[in-house]
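>>> Sequence plus predicted model, see below.
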Amino acid sequence: MAVLAEGLRKTFDKKAALDGIDLTVPAGTVCGLLGPNGAGKTTAVRILATLLRLDGGRAEVAGFDVVRDAAEVRRRVGLNGQQSTVDAVLTGRENLVMWGRLYHLSRRQAERRADELLEQFGLTDAAGKRAKTYSGGMRRRLDLASSFIMAPQVLFLDEPTTGLDPRNRGEVWREVKRLVAEGTTVLLTTQYLDEADQLADQIVVLDSGKVVADGPPDQLKSKLGGDRIEVVVRSAGDLGAAARILGAAAEVDADNFRVSAAVEDRVAALTRVTRDLADAGVEAEDIALRRPTLDEVFLTLTGHKAVAA
């Protein structure tokens, strides 16, 4: 396991930020930490990155204890927080050389590593431009590159795409996927459930400092009953017939002329419903299969919508 935590506890002003959470992240995978505001996501990341001392439990990162072997952990991890560490006045290359020097690399080593990272993150053409001229996605990639000065085994990303537009978010997603494909383990907190769906092999949902769900995205979605079939009819008069065809558990949305129901065998259900609607003379505007979204899973598990912590 790249990350192993058992019974993590942390209290601030007599209030439990973490109330005994367990966490295991296999090497070379992405774990998404989701939770409402104040759930404990950032606190967990700060403890695992050795920036905050735990009050109870134990944790290992890259095989080293975060308390006893904090220095060894720091040599093996990268951390990219919500606030950018990019110096807007410096060029992209100067930013990375500065970080290399802060990691005690020699000037020559820092320059060589900066050039490697600029190429790796697709920023070579902008290396000599001041960071203030970069787009949001370029700045975020430069920020990520600074986390890789020492090629970490484990990368902690705390809200990595907050404030970015969809195109720039996509750039960051592609970079994260590439890093993981090369063997890096990523633990990320995010307010975007579609981001977790895109990137995470495993999702851990926190609420009030406790783990309320843990598993692959598809497994969590199955908690809401698996796939659903939705039928949109042409007129309100067909809603009753469509509901009877979908079965006793059908849900009717009269305002949108929509009927839906959970199904077990998606292909067989779609075939049967299409045939039965035609036999009954019901005109359907649309028939679709869909899976529950992580937004629905999150709301069901916590009673809250997902918001930034």
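That came through fine. Computed from a predicted structure; not experimentally measured. Numbers count the residues shown, from 1 in each chain.
>>> now the strands for the stretch 1-150 of the chain?
3-12, 15-25, 30-34, 56-61, 64-65, 77-80 (DSSP state E, counting those that start in this stretch).
>>> Identify all contacting residues around the shortest one.
Among residues not part of strand 64-65, those counted as contacts by CB atoms under 8 Å, 6 or more residues apart in numbering are Arg58, Ala59, Glu72, Val73, Arg76. For glycine as for every other residue, the C-beta is placed from the backbone atoms N, C-alpha and C.
>>> which stretches of the stretch 1-150 of the chain have low pLDDT?
In the prediction, the stretch 1-150 of the chain carries no residues with pLDDT under 70.
>>> hey, where'd the helices end up in it?
41-48, 70-76, 92-102, 107-120, 136-146 (DSSP state H, counting those that start in this stretch).
>>> Between helix 107-120 and the last one, find me the angle.
Spelled out, it's helix 136-146. Counting by axes from the mean of the first three to the mean of the last three CA atoms, to 10 degrees, helix 136-146 lies at 140 degrees to helix 107-120.
>>> Tell me which helix or strand comes right after helix 136-146.
For helix 136-146, the following helix or strand on the C-terminal side (DSSP states H and E) is strand 154-158.
>>> Next, the angle from that following strand to helix 136-146.
Strand 154-158 and helix 136-146 are oriented at 140 degrees to each other (the same axes, to 10 degrees).
>>> Please identify the buried residues of the helix or strand that strand 154-158 is followed by?
Sequence-wise, the next helix or strand downstream of strand 154-158 (DSSP H and E) is helix 166-181. With burial defined by 16 or more other CB atoms under 10 Å, the residues of helix 166-181 counted as buried are Asn168, Arg169, Glu171, Val172, Trp173, Glu175, Val176, Leu179, Val180.
>>> one step back: quickly compare the helices of the stretch 1-150 of the chain and say which is most buried.
The highest average neighbour count among those, using mean count of other CB atoms under 10 Å, belongs to helix 41-48 at a mean of 24.
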